[in-house]
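J.: structural data only, the sequence is not supplied:
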């Protein structure tokens, strides 16, 4: 039996191989129907800064459940080569669970990755950063806990897929 997943906009079930193309169409319909006039004026930037959910990316397709620093490196390289300036935010707890904490420490020290403070919610750090700078968030998280408080958020979430060598924005 094929795996199924729900659309984050209409909550309908789809086979995983059909979900992405539906979400793109459904997202556009959702934006047209539900955004107030001033929110519709916001245009998706081509290139420029973009917030990256580093914790989400580190956990992407890990067979053992251990987050991988390799995913963060691939994401950084892919976004930079696509013309973006990624601002990767990770939770403070990630360094204790990731497969190569020494590499993550180097990335934090060099400024490639921003670590949210201890006890601070990394989702909220990303949301406030995206709001302040007027940019998108690359994540596969739906931020359901935050949509009531930040209604503009649904239009600024950018889903992705990863291959062994690249991150692909959807």
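T.: Noted; the coordinates are in hand. The shown structure was predicted, so the numbers you read here are calculated from the model rather than taken from an experiment.
J.: and residue 105, that one's in a strand?
T.: No: Residue 105 is assigned helix when assessed by DSSP: H, G, I helix; E, B strand; the rest coil, not a strand.
J.: quickly find the element holding the closest residue to it other than its chain neighbours.
T.: In space, not counting the residues next to it along the chain, residue 105 is nearest to residue 95; the distance is 6.7 Å by CB to CB, 6 or more residues apart in numbering. In this view, the C-beta of every residue, glycine as well, is placed from N, C-alpha and C. Residue 95 belongs to helix 94-97 when assigned by DSSP states H and E.
J.: check residue 119 too.
T.: Using DSSP H and E, residue 119 falls outside every helix and strand.
J.: what sits against it?
T.: residue 92 (CB atoms under 8 Å, 6 or more residues apart in numbering).
J.: residues in contact with stretch 101-118?
T.: Residues contacting stretch 101-118 (CB under 8 Å, 6+ apart): 54, 69, 72-73, 76, 87-92, 94-95, 98, 122, 125.
J.: widest-spaced pair of the residues you listed?
T.: 73 and 125 (21.1 Å; CB to CB).
J.: neighbour count for these two, which is higher?
T.: residue 125 (18 against 15; other CB atoms under 10 Å).
J.: and the residue most central in space within the chain, what is it in contact with?
T.: Centroid check for the chain by CA atoms, centre = their mean gives residue 139 as the closest residue, at 1.5 Å. The contact partners of residue 139, by CB under 8 Å, 6+ apart, come to 52-53, 56-57, 126, 157-160.
J.: ditto for residue 78
T.: 166-168.
J.: for this structure, which segments count as strands?
T.: Ranges of strands in the chain, per DSSP state E, are 4-6, 13-15, 48-53, 84-90, 113-115, 137-138, 157-158, 160-162, 167-169.
J.: paired strands for the fifth one, with orientation please.
T.: Within its sheet, and counting by DSSP bridges, strand 113-115 is paired with strand 84-90 (parallel).
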